[in-house]
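K.L.:
kindly generate the corresponding structure for this input.
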Amino acid sequence: MTVETQKETLGFQTEVKQLLHLMIHSLYSNKEIFLRELISNASDAEDKLRFAALKDDSLFENEPDLKIRLDYDKEANTVALTDNGIGMSRDDVIQNLGTIARSGTAEFLSQLTGDEKKDSKLIGQFGVGFYSAFIVADRVEVFTRRAGTPIEDGVHWESTGDGEFTIESVERPARGTQIVLHLKPDASEFADGWRLRNLVKKYSDHISFPVVMKAESEDDKEGEAEDETVNEATALWTLPRTEIKEEEYKGFYKHIAHDFEDPLTWSHNKVEGKLDYTSLLYIPARAPFDLYNREAPRGIKLYVQRVFIMDHAEQFLPLYLRFVKGVVDSNDLSLNVSREILQNDSTVENIKTALTKRVLDMLAKLAKKEPEQYQKFWDEFGTVMKEGPAEDFSNREKIGGLLRFASTHTGEPAQNVSLADYIGRMKDGQTKIYYITADNFTAAKSSPHLEIFRKKGVEVLILSDRIDEWMMGYLTEFDGKQLQDVARGELDLGEVETEEDKKHQEEATEAHKGLLERIKTALDDRVQEVRVTNRLTESPACLVVGDYDMGAQMKKIMEAAGQKVPESKPIFEINTDHPLVARLEQEKSDEQFTDLAAVLLDQATLASGEQLKDPGSYVSRLNRLLLDLSN
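P.N.:
The predicted structure follows:
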């Protein structure tokens, strides 16, 4: 039957145009990766067919042997890659080859700088896939038919990568996809059997499907050569660790992660006994652009008895470990397992528990043996790891040991201090781990709440990520030691605070009882309590958050999310040794007393990182006080 041709010319999505332009220029110095990306995509298509055929083996169309074919033509200056995998329909082609259906793409593109070296790394982590063909080709043709559809439903797609593509219906007897690259003149090196074989060995040796080429005959006559497999075609994770080279592990990571950089570390493990599964897990060197999008596809590749089941099996690791790449191959799950079944399967839950522990142990080992590499990991993924204490209560202690913080001890914003480091430097008599949260490092470092700690030489951890206050609500102790926010509740300094210090505070509270009551009356309902401080040595006053009240960081997060913030009043602590407080106590005029008390409260509010509700009133009061001083 003759196919009625429906040829259309369509435009690429805007993001595709941008990505094509930047990728072609940024990755041109590493042209050969196009073959790795295309073979990787072909392998995925074979996997998807094998999975779909579990329910309907007619999709094999009497051709059950899955393979990827690589051909070249020196005279025509072309390279063709053919798979007999799942194939694509017309709609699939438009969706997959004309658009990038990934949330955050525009944000990713905005991060590109124009610096080719930097941009190539960013583009690498985005995963360029099919579009890498345009690095070496000035024209690309795709011939495809989805398995199980009629021969006349074949599709021919063609583009020169300049903003448009054409698509038409064609007859295609074979299922799967063929990509024909019409090479640029300066990329003709790839229309060569020896070059292609070497690239397959270098980048795709671990692909579990055979990559076949015509054997090179001595007289190079066409038609006489037989097919030969040019890769090992063995699933890497099924081999014993002793038989796998480091470069093979790295190459496999780049295949499954579509990453250009080597991983930081990996763990390959076979479990036999109550559970029977193999895992190969990797920690990437760089965070993906959509790391903070909790809805983005995540998870590791799932195989059951070496048959691919799904790409993003999120059920095997908790959300805070969403950056981990790898595969898990289970013999305990059914081949027809679905996402819904995975949600409620006890075997999956047991594997998840074991894999989570393995990832945390892998990170702990990296931190111990290669602290510089671990610091690189923390700089990329630390904020996500901070989600752990809330999400994974059973591993809270392990996660706590992996956290890193800035500190008054180092005086730098870099987060490189562990809780174990802190404990090792604790003062005699110190029983708690002290920390402060703020919008940024500078604000925290200059907070009046740190004054007593500077005087006593006690280290305080500085937490300035938006997630920190929320995290510390779940990380209340580590190694048997309580963590205390220095700006919350009563400050317990333990034995670091001398008996003389305690006595001085008690006496000051008694001696200035009338002042405390007068301030509370003057400030009316703006504070819940006024008391003498044991925190301050230089500042006149500070605000303290109640034990069960929400801090400034959490308030801002809730406000930004459009949620109602619970009403709460701060505790107002005053330093009775400060000249301003002494001046306040001597003030006879109730009006001026109220102004001065309110100014001290507003200044303490600003120092705590919060916004004034009525900045105009603050300015008016300050101006009145300044005028009174000048008279």
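
K.L.:
which residue is the nearest non-sequential neighbour of Gly85?
P.N.:
Leaving out its chain neighbours, the residue that sits closest to Gly85 by C-beta to C-beta, 6 or more residues apart in numbering is Ala45, at 3.0 Å. The way it works is simple: take the backbone N, C-alpha and C, and place the C-beta from them, glycine included.

K.L.:
per-residue confidence for that neighbour?
P.N.:
Predicted confidence (pLDDT) for Ala45: 93.

K.L.:
surely it is in contact with Gly176?
P.N.:
Yes - if you go by C-beta atoms under 8 Å, Ala45 and Gly176 touch, sitting 6.7 Å apart.

K.L.:
quick one on the thing from earlier: what helix or strand is the residue nearest to Gly85 on?
P.N.:
Per DSSP states H and E: Ala45 is located in helix 33-52.

K.L.:
what about the residue nearest to Gly85, neighbour count?
P.N.:
Look at Ala45: counted by other C-beta atoms under 10 Å, it has 23 neighbours.

K.L.:
show the end-to-end separation of stretch 152-164, please.
P.N.:
Using C-alpha to C-alpha, to the nearest Å, one end of stretch 152-164 lies 24 Å from the other.

K.L.:
where does this protein dip in pLDDT?
P.N.:
Along the chain, the parts satisfying pLDDT under 70 run over 1-5, 15, 22-29, 99-128, 217-224, 629-631.

K.L.:
if we can go back for a sec, need the residues touching each of Ala45 and Gly176.
P.N.:
83, 85-87 (C-beta atoms under 8 Å, 6 or more residues apart in numbering).

K.L.:
can you map out the strands along the stretch 451-600 of the chain?
P.N.:
Ranges of strands in the stretch 451-600 of the chain, per DSSP state E, counting those that start in this stretch, are 461-463, 477-478, 481-485, 529-532, 541-544, 571-574.

K.L.:
can you check the stretch 101-250 of the chain too?
P.N.:
According to DSSP E, counting those that start in this stretch, the strands that the stretch 101-250 of the chain contains are 137-145, 154-159, 164-170, 176-183, 211-214, 227-229.

K.L.:
out of those strands, which gets nearest to Leu264?
P.N.:
strand 211-214 (28.6 Å; C-beta to C-beta).

K.L.:
list the residues that contact Gly163.
P.N.:
Applying C-beta under 8 Å, 6+ apart, the residues near Gly163 are 11-12, 17.

K.L.:
give me the phi and psi for it.
P.N.:
In terms of degrees, to the nearest 10, the main-chain angles of Gly163 are phi 120, psi -20.

K.L.:
would you check how far apart it and Pro185 are?
P.N.:
Distance of Gly163 to Pro185, computed by C-beta to C-beta, to the nearest Å: 22 Å.

K.L.:
again, but for Asn331
P.N.:
Asn331 is 51 Å from Pro185, by C-beta to C-beta.

K.L.:
same deal with Ile574?
P.N.:
With C-beta to C-beta as the criterion, Ile574 and Pro185 are 80 Å apart.

K.L.:
and for Tyr292?
P.N.:
43 Å.

K.L.:
ok, now Glu226?
P.N.:
Distance from Glu226 to Pro185, by C-beta to C-beta: 32 Å.

K.L.:
now swap in Leu580 and tell me
P.N.:
79 Å.

K.L.:
that older thread, most neighbours, which of the contacts of Gly163?
P.N.:
Phe12 (21 neighbours).

K.L.:
quick one: it and Gly98 touch, right?
P.N.:
Yes - in this structure, Phe12 is within contact of Gly98 by C-beta under 8 Å, at 5.8 Å.

K.L.:
what do those two both touch?
P.N.:
Phe165.

K.L.:
in a helix, Glu349, correct?
P.N.:
Yes - the assignment for Glu349 by DSSP: H, G, I helix; E, B strand; the rest coil puts it in a helix.

K.L.:
renumber starting at 380 from here on
P.N.:
With 380 as the first residue, the last one maps to Glu728.

K.L.:
and it, how many neighbours?
P.N.:
14.

K.L.:
next one: Leu578
P.N.:
19.

K.L.:
please tell me how far it sits from Val515.
P.N.:
Applying C-beta to C-beta to Leu578 and Val515 gives a distance of 11 Å.

K.L.:
now render the contacts of Gly542 as TSV, adding distance to Ser437.
P.N.:
Below are the contacts of Gly542 laid out as TSV (distance: C-beta to C-beta, whole Å):
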residue	distance to Ser437
Gly390	37
Phe391	35
Lys396	40
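
K.L.:
of all the residues you listed, which comes closest to His691?
P.N.:
Phe391 (25.5 Å).

K.L.:
does Lys824 touch Ile841 like I think?
P.N.:
Yes - contact criterion C-beta under 8 Å: Lys824 and Ile841 qualify, at 6.5 Å.

K.L.:
looking at the two, which is more packed in?
P.N.:
With neighbours defined as other C-beta under 10 Å, Lys824 and Ile841 compare such that Ile841 has more, 29 against 18.

K.L.:
OK, contacts around that one?
P.N.:
784-787, 792, 814-815, 817, 820, 823-824.

K.L.:
hmm, try it at 7 Å
P.N.:
784-787, 815, 820, 823-824 (C-beta atoms under 7 Å, 6 or more residues apart in numbering).

K.L.:
secondary structure and distance to Phe695 added to the residues you listed, as TSV?
P.N.:
Output for these, formatted as TSV (DSSP: H, G, I helix; E, B strand; the rest coil; distance: C-beta to C-beta, whole Å):
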residue	secondary structure	distance to Phe695
Phe784	strand	29
Ala785	strand	33
Ser786	strand	35
Thr787	coil	40
Ile815	strand	37
Phe820	helix	36
Ala823	helix	37
Lys824	helix	41
